[in-house]
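[1] The following comprises the amino acid sequence and a computationally predicted model.
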Amino acid sequence: MSRKVNESQKKEILNLFINGTNIKEISKIYNFTVPTITRQLKILVGNEEFNNLKKSNIDASNSNKNKLKSNSLKINNEINNLDQITEEKKSNQDSFFVELTPIDYEIDNTKQKDLSSIELSEINLPKVVYMIVNQKIELETKLLKEYPEWQFLSQEDLNRNTIKIYFDLKSAKNDCNKEQKVIKVPNTNVFKIVSPILVSRGISRIVSSDQLIAL
């Protein structure tokens, strides 16, 4: 019996595709067929945008190129808007000279970091979540740069140690290999209690399907 793509998976699949992961790799990650992934992406962004993104991703070899592409599109949109405003002012005020103040497009990674993560004290987690541990019941940690959907963050953030939580058991089992096991966390308040311990061990972020949580 065929499986349905849930809402959380749709968001993750779209983030991976936008950040340069090709459809074949996404299909392996989520164990869906290439046609299924393709159909969901077309529904989410439309045929035209899907084709544009697919074409852009062909030559993308790493996440840095995808980041530059995204920033370039934003800058071009702003430039086009400025050009349009300038033309309108010229047509309405032919006798006036209009000087446009240069816009600074330099990205402030620190502000970007603050906007991307949510403080643990400000988030309402579900009562039950799941985690992956090794056979010794030790937490499996990863660097944030190992998650494609967060590649737009600063290099400092990408080198942060993280742990991942899952809101449903099926997703956790899909990510679990033979040397690991899935455990149930029946009371998520435990994260607030042990956060100082996690931070002391160099773990400063919790990753979920669609959120980055700061400890």
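    Structure received.
[2] From residue 197, how far out is the spatially most central residue of the chain?
    Per CA atoms, centre = their mean, the C-alpha nearest to the average position across the chain is that of residue 149, at 2.8 Å. Separation of residue 149 from residue 197 (CB to CB, to the nearest Å): 27 Å. Where C-beta positions appear, they are placed from N, C-alpha and C, glycine not excepted.
[3] and if you look at residue 36?
    Applying CB to CB to residue 36 and residue 197 gives a distance of 41 Å.
[4] Name the residue in the two with the higher neighbour count.
    residue 36 (18 against 10; other CB atoms under 10 Å).
[5] Now do the SS call for the more buried one.
    helix (DSSP: H, G, I helix; E, B strand; the rest coil).
[6] could you say which helix or strand contains residue 25?
    Under the criterion of DSSP states H and E, residue 25 resides in helix 23-30.
[7] Can you pull the phi/psi pair for residue 173?
    phi -70, psi -30 (degrees, to the nearest 10).
[8] Okay, and the beta partners of the residue nearest to it when sequence neighbours are not counted?
    Distances taken as CB to CB, 6 or more residues apart in numbering put residue 182 closest to residue 173, at 5.8 Å, once the chain neighbours are dropped. Using DSSP bridges, the bridge partners assigned to residue 182 are residue 132.
[9] List the contacts of residue 182.
    130, 131, 132, 133, 166, 169, 172, 173, 176 (CB atoms under 8 Å, 6 or more residues apart in numbering).
[10] Look up how far residue 193 lies from residue 175.
    From residue 175 over to residue 193 (counting by CB to CB), the distance is 25 Å.
[11] between the two, who's got more neighbours?
    Taking other CB under 10 Å, residue 175 and residue 193 do not tie; residue 175 has more neighbours (14 against 9).
[12] The more buried one contacts residue 140, doesn't it?
    No: taking CB atoms under 8 Å as the definition, residue 175 is not a contact partner of residue 140, at 9.4 Å.
[13] Mind listing the shared neighbours of these two?
    The contact lists of residue 175 and residue 140 share 132, 164, where a contact means CB under 8 Å, 6+ apart.
[14] what bits of the protein have low per-residue confidence?
    Applying pLDDT under 70 to the chain flags residues 1-2, 59-72, 75-76, 79, 82, 86, 88-115.
[15] where do the helices sit along it?
    7-18, 23-30, 34-45, 47-57, 63-92, 109-116, 155-158, 169-175, 190-200 (DSSP state H).
[16] circling back to that earlier point, would you agree the residue nearest to the centre of the chain is in contact with residue 15?
    Yes: here residue 149 reaches residue 15: they are 3.7 Å apart, a contact under CB under 8 Å.
[17] Could you pull up phi and psi at residue 178?
    phi -70, psi -30.
[18] Which segments of this structure make up each domain?
    If you go by automatic domain parsing, the domain ranges for the chain are 7-57, 62-106, 117-214.
[19] roughly how far is stretch 142-161 from the heart of the chain?
    10 Å (CA atoms, centre = their mean, to the nearest Å).
[20] With stretch 194-207 instead?
    20 Å.
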